[in-house]
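1. I'd like to go over a predicted model; first the sequence, then the structure.
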Amino acid sequence: MKINDVILRTVTKIVVFIILTFGVELFLAGHHNPGGGFIGGLVLSSAFVLLYLVHDIETVQKGIPWDYKKIAALGVFLAVGTGVGSVLFGAEFLTQTASHFDLPVFGSTELSTILLFEAGVALTVVGVVVTIILSISEDV
Amino acid sequence: MFITIAIFIPFLAAILVPFIYKWMPSRKIGWFVLFVPLTLFIILASFIPSVAKGGTYIHTMRWIDSAGINFTTYLDGLSMIFGLLITGVGTLVILYSIYYLSEREALGRFYVYLLMFMGAMLGVVFSDNMMVLYVFWELTSISSFLLIAFWYHRKQSRYGAQKSMLITVSGGVAMLAGFIMLQTLTGSFSVREVIATIGQYTDDTLFLLAMLLVLLGAFTKSAQFPFHIWLPDAMEAPTPVSAYLHSATMVKAGIYLVARFTPVFGGEAVWFYAVSCVGLFTLFWGSFNAVKQTDLKALLAYSTVSQLGLIMSLFGLGSAALNGGYSADSVIYTQATFAALFHLVNHSTFKGALFMVVGIVDHEAGTRDIRRLGGLMSLMPVTFTIALIGSFSMAGLPPFNGFLSKEMFFESMLIIRELDLFSMGSWGALFPVIAWIASVFTFVYSMIIVFKTFLGEHQPDRLDRPVHEAPIGMLIAPSILGLLVVGIFFFPNMVGHYVLQPAMAAVYPPFAGAEGMVPHISAWHGFNYAPLQLTLGVIVVGVLLYLSLRYWRGVYTIAPMRWSLDGLYNGLLLQTERFTTVLTRFYMTGHLRDYLVYIFTFFILVVGGGLVLTGSFAFDFSNDAPITINEYVLVFVMIGAGISILFVKSRMTAIILNSVLGYAVALFFIVFRAPDLALTQIIVETVTTALFLLCFYFLPDWKREIASRSTKIINAVIAIAVGAIVTILALTVQGNKLFESISVYFEDSYALAGGKNIVNTILGDFRAFDTMLEVVVLFIAGLGVFTLIKLKARKGGQDVEDQ
């Protein structure tokens, strides 16, 4: 039986971008509102999983030729690296700091090192979730 | 500040090496690596004058301040000696390795490991914080493991690597326990602070335990009897590695530890006896066993064991001076420590040279077996000269530096007879006797190295290729060491004043500025000098024993000599493997049900048992909010979904019902106004449902399980018990407030961490350490799944482990 998934395919094309945007939004909102690196990462990875479910692995791989293991490794590196970074500046391991900057478009914006740390968390989550799902689905 | 950077420079260089090697895959990579220890040595040497004047350098980088763990580096006389050895010998070894290793070897890997080791070793000797010291300590074991197994296709290499790793790391863990005990006693991880405050705790039981555990770490690392068995097997490593790690630096880490902790534990009878007796016996046992070896490298390995024992025993004797504090009488025992430090330096010079010589012989003749070698003197004159210098120095003959430290060693052993501390009595007379006997064997094996290899009859038919002198590049490093051996003999007081004197101050902080701590070293004391007579005796008896070697060799084959510690180690390993296999087979049945039974039974026993034992059943519903209609609806939906799972026929339905449970929990979070949790729960539920669907694709059709009646009953009992315990637990948690809620603290999150989302400030700031490690764990789990699925051995595939 061949499943007719035209609707799913068409919807996915739009929905994936909504999910991705939502993921980034959640990630950035995390400082003061619900959200954060872990949730943001999970939402992003669910978008990728949706893509893989709708299209086959080869097609997606052509469009997004990333090695998710490396993404996860980069995430771990970022998370641990921000910790080490604070030591280099004479503070304790994993000390976080923040300050306000005037950026051209965004106006006065708060930038913090915790953003880097959370980015590491998010990347690791994306990398690991997609790696696990891909490994299991490819194991035929 | 420089010292902190010095530790990291080798690590940074190690990161660069693979890239450079990729770009320029030739042996020239060695020149880049050579640059690292050479620079460090020169800069370190520039500190010598100020350290000799009593200066020390300390630098702290804050790390985990709240746990007392900071990255504190400390440079004093003692760490200076080791720092100079690590960088100095490191430079020579790398220079030598450039010519020793062929282009075909994985040079990139080799130098990465070597630099990693160098950094770790510098970390050990420069760290003041015991936790940091421990990390670097184990890192030296790991890099030693990697270097021994450098030729990992050889079975012997893997065996030796595993052996050294198991023994040194076990000792390291014991040492860690000792460090934690010291911290419990004194409240500080800093060695200097422990030294300052330990005096008031010496009667504590923990003090003795800590001492023994720290000693265990030192003895395993420095290959003291009975842990010495790993060192001969470590000789499977490439010769530059043996020269560097297994004679000059890593095996001296244990000695460093003993020296560093002498101010902490010194003056105690247990410390005195443990260090000196173990050292003395190792000295004897190593030298006695070295004589029977036929492989030159194995011979050198046993000789290293023996020399390490010598240095160790001297530190033991020297610790006696700390009993009762400074006085004109006690200062005489510091002589032993001085001799130990002096011999430490000398040993690194002559043993390093000898290892390099053996490497050259192996490289040129293709064998290290003394039964096949002989008569190489005329073919390799330069190598022969260096071997002669090294061996005669090791045997304690003039005009080489070993003679000076050997005489001081005898003198210290003779002095100890007069010690009336620690209820020694007349047993002290045994010390010089054993020392003398061991020295005779040392003399014999030193002669074997020179005469069996270089004199006698050349046997070209027993060798694979014609022998000729080594290339000049390979001779530079051992020649420099050989020159040092002679140079130190003629100018010993230069070393004494600039290098050993500040180290003495570091070992004996209470004796600061005392007279007579640094003796004037001289080669000649007149004929009536007892150590000189002992040396003469060693030569006479040694020559006789060497000449009659073949008549008394049989002593090694009599029964007690065949009970070897190696056999014990192998047997232990084999038995452990057997036992664990049986144990694992017993409970790893491959049935999911069994595993669930284990997990839930454990849960019932521990949590349920805990509830019963503490008797903390206290239900208090007075503070509970009224239950709304929403919550009733949700609860009944969940109950319905939960019960229906038991009766559905397909996996698909079961998964969907299961996710109904999950989403209902998410709705609960919304009702209870926890948007963060609700969000997370919804997404986790979605992703895991997708994952479930994927996994179930590979599973066979769902069949009704036919289980016996007893199994069903057990299942029911476990299910009901777990459900009941969880419910009781949830209710008691609400009713039992043991302490004030700590959540008030986090309400200031904006002021404390600059974020208004409390959950995230906890995750990213207050408890960032947890989050970081969770990220690492997640990554490891992901890699685990990937490797298990993708890299599993195919049926009938090649077994990559044993080639």
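-> Perfect, thanks for sending it. Since the model is a prediction, treat every value here as computed from it, not as a measurement.
2. How about the contacts made by the residue in chain A positioned nearest to chain B?
-> Taking C-beta to the nearest C-beta as the measure, chain A has A:Val128 as its residue closest to chain B, at 3.4 Å. Backbone N, C-alpha and C define where each C-beta goes, glycine included. For A:Val128, the contact set (C-beta atoms under 8 Å, 6 or more residues apart in numbering or on different chains) comprises A:Tyr68, A:Ala72, B:Leu778, B:Phe779, B:Ala781, B:Gly782.
3. Now the buried members of those.
-> Buried by 16 or more other C-beta atoms under 10 Å in any protein chain shown: A:Tyr68, A:Ala72, B:Leu778, B:Phe779, B:Gly782, out of these.
4. Switch these over to a markdown table; also include secondary structure.
-> Listed next are the buried ones among the contacts of A:Val128 as a markdown table, based on DSSP: H, G, I helix; E, B strand; the rest coil:
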| residue | secondary structure |
| --- | --- |
| A:Tyr68 | helix |
| A:Ala72 | helix |
| B:Leu778 | helix |
| B:Phe779 | helix |
| B:Gly782 | helix |
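5. So which residue is dead centre in chain B?
-> Nearest to the mean C-alpha position of chain B, by C-alpha atoms, centre = their mean, lies B:Glu138 at 3.2 Å.
6. Revised request: answer the last question for chain A.
-> Note: chain A centre (C-alpha atoms, centre = their mean) maps to A:Gly41, 3.9 Å.
7. I'd guessed that one sits against A:Val130; true?
-> No - using C-beta atoms under 8 Å, A:Gly41 is not in contact with A:Val130, being 10.3 Å away.
8. The helix or strand hosting B:Glu774 near chain A at all?
-> Following DSSP states H and E, one finds B:Glu774 within helix B:768-790. Yes - residues of helix B:768-790 contacting chain A under C-beta under 8 Å from any C-beta of the partner chain: B:768-769, B:771-772, B:775-776, B:778-779, B:781-783, B:785-786, B:789-790.
9. how close does the residue of the stretch 451-600 of chain B found nearest chain A sit to B:Leu322?
-> In the stretch 451-600 of chain B, the residue that lies nearest chain A is B:Leu592 (17.1 Å; C-beta to the nearest C-beta). When distance is defined by C-beta to C-beta, to the nearest Å, B:Leu592 is 62 Å away from B:Leu322.
10. Would you mind telling me which of the two has more residues around it?
-> Legend: neighbour count by other C-beta atoms under 10 Å in any protein chain shown for B:Leu592 and B:Leu322, higher for B:Leu322 (26 against 8).
11. Just the element for the residue nearest to the centre of chain A, please.
-> Using DSSP H and E, A:Gly41 falls within helix A:37-54.
12. Over to A:Leu134?
-> helix A:113-138.
13. Next, the angle from that helix to helix A:37-54.
-> Angle, helix A:113-138 to helix A:37-54, by axes from the mean of the first three to the mean of the last three C-alpha atoms, to 10 degrees: 30 degrees.
14. And the average pLDDT for helix A:113-138 is what?
-> Mean per-residue pLDDT for helix A:113-138: 88.
15. ditto for stretch B:755-763
-> Stretch B:755-763 shows a mean pLDDT of 81.
16. and what of stretch A:10-24?
-> In the prediction, stretch A:10-24 has an average pLDDT of 91.
17. For it, give me every contacting residue.
-> By C-beta under 8 Å, 6+ apart, stretch A:10-24 touches A:Gly40, A:Gly41, A:Val43, A:Leu44, A:Ser46, A:Ala47, A:Leu50, A:Leu51, A:Val54.
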